[in-house]
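*Asks:* need a structure here:
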Amino acid sequence: MITLEMMPPLMFGGLILAMLIGFPVAFTLAALGLSFGFLSIYLGFFDMNFLQAIPGRIFGSVLSNELLLAIPFFTFMGSILERCGLAEDMLDSMGQLFGPIRGGLGYSVIIVGFILGAITGTVAAQVIAMALISMPVMMRYGYNIRYITGVLAASGTITQLVPPSLVLIVMADQLGKSVGDMYLGAWGPSILQIALFAGYTFMLGLIKPDHVPAVPRDALTLTGWPLWKKCLMGIIPSAVLIFVVLGTMMLGLATPTEAGAMGAIGAIVLAAIHHKDLSSKGHKMLLLGIAATGVAVIIGMLLGEGKVLKLTFAVVYLAVVWLCLEAVRIPDLRDLIKQGYESTMRLSTMVVFILIGSTCFSVVFLGVSGGVWLEHHLTSIPGGVWGFLIFINLFIFFLAFFLDFFEIAFIILPMVAPIAQKVLAPVVGPDAALIWFGVMLCVNMQTSFLHPPFGFALFYLRGVAPKEVKSSDIYWGALPWIGLQAIMVAIVIAFPSVVTVFLDKPLDVDLSKVRIEVPQIELPPLDFGQPKQ
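*Replies:* Here you go, the predicted model:
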């Protein structure tokens with residue numbers, strides 16, 4: 001006879017088994033949830049009315065969730081930027097800028113990976129683009145093949161942590177926190193991780209200089225101002241787009257969905273101005289839009305809102321619309337936009353179906369007291385808070401061998417988030433507890449793209465690497481960078497301030513001393529006399 005206490009471990013074990021067999025995650029979750037739901041009704045653990053919560057949560061928490069609208073916008077932005085040629089130009093210019101120093105090509109890959117991560121948010125195309133461009137150059141100048149494969153794969157996965165990462169949006173939704181706070185919490189670990197990668201390259205240059213040799217100066221095709229100009233032409237538009245997306249969100253001028261919509265339009269504009277077939281009128285409209293933006297900023301600072309400010313913004317909008325029409329006119333960009341729509345539709349559909357399946361599973365899991373069962377086991381781990389964090393991170397690390405970050409975020413996070421809030425609140429406070437927890441798991445889940453033998457970044461590298469690059473070199477090359485990411489997880493666990501440093505400090509207010517005074521308004525006496533005839 002199956003008892004209520006047996007149901008949670010049976011559901012959890014069935015989920016792991018189905019994942020290992022390889023069934024599609026969305027349909028596996030829904031099938032398991034409904035199967036155990038009907039079994040629970042048959043055994044009398046709850047009645048049929050309980051399952052009415054499933055469609056209610058699907059329509060209320062999934063299909064009506066405005067935050068999830070940001071996912072297709074950011075996906076479209078990334079799919080446009082990763083194919084418009086921006087990565088190629090940035091890698092070429094940065095490689096020539098840093099090439100003459102030892103490990104310079106490695107530094108250029110790390111920096112460009114960070115910048116692209118902040119404007120694309122997708123791993124696959126970033127790894128492929130950087131490998132196609134940088135791998136032949138690094139091999140030509142004698143870089144160690146394992147360092148080449150490792151730095152390319154690791155720099156491509158940085159995009160999982162750098163805002164506006166899709167992982168952080170999903171984390172914020174599943175943890176019930178604001179996307180802006182999640183982005184603020186991720187900046188510290190992002191910058192620190194870049195420093196770790198660069199530090200490893202620097203130390204390798206000192207210990208084994210033949211692994212990361214300098215590029216001879218006579219091999220450079222650009223020097224002086226032309227080189228700096230090419231670097232700035234890649235960095236400045238990217239910085240503007242980062243501000244449009246992240247700056248407006250951080251300043252409270254736009255919601256995540258609105259910021260994503262502006263990012264999607266900005267990606268089309270960036271692709272248009274970067275294309276060689278942009279017309280002379282397009283260049284003039286670009287200059288007009290830049291001038292109008294500068295004038296609008298000055299007027300806004302000096303005069304505030306008014307008709308002149310609105311007029312200048314109208315000119316900016318006109319320039320943006322013109323450049324979007326230029327993108328539609330150019331055949332290459334028109335095909336690129338079509339491909340962006342298709343990839344966005346596929347990813348958005350996948351996310352919605354996984355959310356529907358995970359809702360079916362989680363409702364039934366909570367209905368059979370799965371939350372109580374999970375909390376009992378996780379809070380009884382030896383070591384208190386630190387034992388809980390070490391166990392969860394090891395569990396996520398090994399789970400990432402088989403599942404990608406969407407599946408982990410939609411399946412595991414809803415189960416452990418209430419427990420994490422309860423356990424971590426005494427350490428960093430109730431407001432920052434889940435931000436710290438979410439960013440920590442985000443750093444951990446980067447390894448799901450890197451560790452052998454299932455890391456997708458390694459598969460992408462294998463697909464574009466020359467034949468002389470062995471698969472063993474790709475796998476061995478990834479191991480030091482996995483170690484660096486593990487060090488990053490340990491730093492985030494040991495020093496929560498790495499995450500919380502940019503967050504707003506909670507207000508220390510004694511609610512018992514708060515007084516609300518309503519001013520008394522003297523009104524004229526009412527006349528209740530008879531109306532005049």
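
*Asks:* which residues touch the residue most central in space within the chain?
*Replies:* Geometric centre of the chain, nearest residue: residue 165, 1.4 Å, by C-alpha atoms, centre = their mean. The contact partners of residue 165, taken as C-beta atoms under 8 Å, 6 or more residues apart in numbering, are 117, 121, 159, 186, 442. Bear in mind the C-beta positions are built from the backbone N, C-alpha and C, glycine included.

*Asks:* So which residues of the stretch 401-533 of the chain form helices?
*Replies:* For the stretch 401-533 of the chain, the helices defined by DSSP state H, counting those that start in this stretch cover 405-411, 413-428, 433-445, 456-464, 471-494, 497-500.

*Asks:* can you list the residues that contact the first one?
*Replies:* If you take C-beta under 8 Å, 6+ apart as the criterion, helix 405-411 is touched by 15, 19, 25, 29, 160, 167, 170-171, 174, 350-351, 354-355, 358, 361, 396, 399-400, 403, 441, 445, 448.

*Asks:* Just the buried ones among those, please.
*Replies:* 15, 19, 25, 29, 160, 167, 170-171, 174, 351, 354-355, 358, 361, 396, 399-400, 403, 441, 445, 448 (16 or more other C-beta atoms under 10 Å).

*Asks:* Tell me where the stretch 301-450 of the chain is predicted with low confidence.
*Replies:* Counting by pLDDT under 70, the ranges of the stretch 301-450 of the chain that qualify are 402-404.

*Asks:* need the strands for it, in chain order.
*Replies:* Ranges of strands in the stretch 301-450 of the chain, per DSSP state E, counting those that start in this stretch: none exist.

*Asks:* Could you verify my assumption that residue 502 touches residue 184?
*Replies:* Yes: the pair residue 502 / residue 184 is scored as a contact, 4.3 Å apart, by C-beta atoms under 8 Å.

*Asks:* what about the two, which has more around it?
*Replies:* residue 184 (22 against 15; other C-beta atoms under 10 Å).

*Asks:* Now do stretch 370-386: distance from first to last residue.
*Replies:* For stretch 370-386, the first-to-last residue distance is 23 Å (C-alpha to C-alpha, to the nearest Å).

*Asks:* residues of that stretch that come out buried?
*Replies:* So for stretch 370-386, counting by 16+ other C-beta under 10 Å, buried means 370-371, 373-375, 378, 381.

*Asks:* quick revisit: please list the members of the contacts of helix 405-411 that lie in helices.
*Replies:* 15, 19, 25, 29, 167, 170-171, 174, 350-351, 354-355, 358, 361, 396, 399, 441, 445 (DSSP state H).

*Asks:* And the contacts of residue 165, which is closest to residue 51?
*Replies:* Residue 51 lies nearest to residue 442 out of those, by C-beta to C-beta, at 33.0 Å.

*Asks:* And the closest one, how close does it get to residue 431?
*Replies:* Applying C-beta to C-beta, to the nearest Å, the value for residue 442 to residue 431 is 18 Å.

*Asks:* Out of those two, name the residue with the larger neighbour count.
*Replies:* residue 442 (25 against 16).

*Asks:* shouldn't that one be in contact with residue 171?
*Replies:* Yes: using C-beta under 8 Å, residue 442 makes contact with residue 171 at a distance of 6.1 Å.

*Asks:* Now tell me which of the contacts of residue 165 the prediction trusts least.
*Replies:* Looking at the contacts of residue 165, model confidence by pLDDT dips furthest at residue 121: 59.

*Asks:* where does the stretch 151-300 of the chain dip in pLDDT?
*Replies:* 219-223.

*Asks:* repeat for the stretch 1-150 of the chain
*Replies:* 1, 22, 87, 118-125.

*Asks:* So which residues of the stretch 251-400 of the chain form helices?
*Replies:* 256-274, 280-302, 307-329, 331-367, 370-379, 384-399.

*Asks:* Give me whichever of the ones you listed is most buried.
*Replies:* Highest mean neighbour count among those (mean count of other C-beta atoms under 10 Å): helix 256-274, with a mean of 23.

*Asks:* Packing partners of that helix?
*Replies:* Here helix 256-274 touches helix 70-81, helix 86-98, helix 224-242, helix 248-250, helix 280-302, helix 307-329, helix 331-367, going by 3 or more C-beta pairs under 8 Å, 6 or more residues apart in numbering; DSSP states H and E.

*Asks:* Of all those helices, which one is nearest residue 46?
*Replies:* Closest of those to residue 46 is helix 331-367, at 5.3 Å (criterion: C-beta to C-beta).

*Asks:* so what does the closest one touch, helix or strand wise?
*Replies:* On a contact count with 3+ C-beta pairs under 8 Å, 6+ apart, helix 331-367 meets helix 7-21, helix 25-43, helix 53-57, helix 70-81, helix 256-274, helix 307-329, helix 405-411, helix 413-428.

*Asks:* and if we set it to 6 Å?
*Replies:* On a contact count with 3 or more C-beta pairs under 6 Å, 6 or more residues apart in numbering; DSSP states H and E, helix 331-367 meets helix 25-43, helix 53-57, helix 70-81, helix 405-411.

*Asks:* Out of those, which gets nearest to residue 244?
*Replies:* Of the helices and strands packed on helix 331-367, nearest to residue 244 by C-beta to C-beta is helix 70-81, at 10.3 Å.

*Asks:* any idea how far the closest one is from the chain center?
*Replies:* Helix 70-81 sits 11 Å away from the centroid of its parent chain (C-alpha atoms, centre = their mean, to the nearest Å).

*Asks:* and what of stretch 423-435?
*Replies:* Counting by C-alpha atoms, centre = their mean, stretch 423-435 comes out at 22 Å from the chain centroid.

*Asks:* Which positions in that stretch come out as buried?
*Replies:* By neighbour count on 16+ other C-beta under 10 Å, the buried set for stretch 423-435 is 423-424, 428-429, 431-435.

*Asks:* with those in mind, which one is nearest to residue 385?
*Replies:* Distances from residue 385 to the buried residues of stretch 423-435, taken by C-beta to C-beta, are shortest for residue 423, at 5.7 Å.

*Asks:* any idea how far residue 486 is from the closest residue to the closest one other than its chain neighbours?
*Replies:* Leaving aside its chain neighbours, residue 423 sits nearest to residue 388 (5.3 Å; criterion: C-beta to C-beta, 6 or more residues apart in numbering). Going from residue 388 to residue 486 by C-beta to C-beta gives 18 Å.
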